[in-house]
Each structure stands twice: as C-alpha cells, then as structure tokens.
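**Q** Sequence first, then the predicted structure:
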Amino acid sequence: AQTVTQSQPEMSVQEAETVTLSCTYDTSESDYYLFWYKQPPSRQMILVIRQEAYKQQNATENRFSVNFQKAAKSFSLKISDSQLGDAAMYFCAYRSGIGSQGNLIFGKGTKLSVKP
Amino acid sequence: ETGVTQTPRHLVMGMTNKKSLKCEQHLGHNAMYWYKQSAKKPLELMFVYNFKEQTENNSVPSRFSPECPNSSHLFLHLHTLQPEDSALYLCASSQEEGGGYNEQFFGPGTRLTVL
C-alpha cells in the first residue's frame, strides 16, 4: 500500500522569506500523481500544486514550486516570498495513476506559520 | 452557491442520536467523497461515489451510512456514534473521466462532536 510521510509537524517562516516543506512517499507504481493541498484555518482545502510522475520538469505555480525526486520518492514544496496568507496546514497527497478513481492518500500535514 | 457546500458546519450529538451530514456540489462533477479528518492523523477516505454508485468503502463502521441520491448530493447518516468519531468530516467532488489527473474540490467540512 502507498504511504505519504510529512516529517515536519510544524514550520515557521519570516514574511518575504522562503520555506521548504518536505514530503516523502512509498509506492511500487511508476505512474502516479502528487499534490500539495493547503487548508487555511477554518477555511476550505484547496489545491496548491500538482505533479505528474512521468514529467521530469518540476511544477511551478507563481510563488509555489516543487522539487520532485522520483528515485528518492521525495516531493518537497518551496514557497518563495512568503506572505501572511500562506499560513495554513499543508498536506502532501498521492494518487495512483492506475485506473480512473481519484482516491487520494494524504500525509499528516505540516502547519506553517508566517511571522510578520 | 458555488463549489462544494456542507451543512451543518458544526454538530454536537449524543451517542444515541441520529443525525445526517449533507454535501452538495455545484460543479457538475460525477464523483463525490467523504473524508474524516482527526487531529494528528492523515485524512482518511471513508466513501467514494462515482456516477452515484458506491465504489469504495474503506472499512468504515456501519454506524456511518452514506447516501448518494444523485450526482450533486451526498449524505452521511450517523447513528450511535462514539466519542472517538468526533472529527472534521470533509466532502469532496471531482470529475472522473477514465484516468488522468482529476482535481478534488473540497467543502468546508462539518465539525462533529460526539458527547
């Protein structure tokens, strides 16, 4: 079975600085998708960024980028120029590419605080 | 209403009560999900409905009973719950079209407390 591990329960960053959140996963599959979701306090979970395992190029969405290391099964999220609105729980998630079901496997999450 | 909505947002119930959680998606998706989010644990997938048919039940106790009358609505019926069932229950939806990437859109959740 696939597992997702986020080893940092909490992280803190100064406003305007850069922070990297770690995520590792375990799978025997070669085709899969990886995601980072953000859950602000008392607000809905939203997708931040996604990566297809067959793509070597790291995904980027504005200030958010990933470092996808397929061989190491690592999928870290880098947030540049951190803003107060980035404070949230961040969840790394895995989805098998086999079949059409969109079942996600989540890590325990990392709580990110942004200091003004 | 837009996106995925859930009602009620907060619910307190006794162990002998019967209550229902409601989820509605306004995105035209064909798949809906129930997740349980407990403190210090990963989100747990509970049920999956695809085209109104339940396609997955992750060994959820029978005191949780899902219902999907159509592709836009999803219910979670609760009865004789235990205190350890207290959690945030999240609903999500996606458009499943035979493989590939399909983003799941989440609702705000129902915060359930079982006394």
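**A** Sure, I can see it.

**Q** going forward, measure contacts and count neighbours with C-alpha atoms only.
**A** Noted.

**Q** Kindly report the residues of chain B close to chain A.
**A** Applying C-alpha under 8 Å from any C-alpha of the partner chain, we find that chain B lies next to chain A at B:40-45, B:94, B:96-109.

**Q** Quick one, which of those residues are buried?
**A** Neighbour counting by 16 or more other C-alpha atoms under 10 Å in any protein chain shown classes B:42-45, B:94, B:96, B:100-109 among the residues of chain B next to chain A as buried.

**Q** I'd say residue B:25 and residue B:4 touch.
**A** Yes: taking contacts as C-alpha atoms under 8 Å, residue B:25 lies within contact range of residue B:4: 4.3 Å.

**Q** Name the residues contacting each of these two.
**A** Taking C-alpha atoms under 8 Å, 6 or more residues apart in numbering or on different chains as the contact rule, residue B:25 and residue B:4 both touch residue B:93.

**Q** more neighbours, these two?
**A** residue B:25 (26 against 21; other C-alpha atoms under 10 Å in any protein chain shown).

**Q** Next, find the distance separating the more buried one from chain A.
**A** With distances taken as C-alpha to the nearest C-alpha, to the nearest Å, residue B:25 is found 14 Å from chain A.

**Q** which ones are touching that residue?
**A** B:2-5, B:72-73, B:93.

**Q** Repeat that for residue B:32.
**A** B:48-50, B:71, B:74, B:91-94 are the contacts of residue B:32 under C-alpha under 8 Å, 6+ apart.

**Q** pLDDT score assigned to the closest residue to residue A:82 other than its chain neighbours?
**A** Nearest residue to residue A:82, sequence neighbours excluded (C-alpha to C-alpha, 6 or more residues apart in numbering or on different chains): residue A:16, at 4.6 Å. At residue A:16, the model reports a pLDDT of 97.

**Q** Mind checking what secondary structure residue A:16 has?
**A** coil (DSSP: H, G, I helix; E, B strand; the rest coil).
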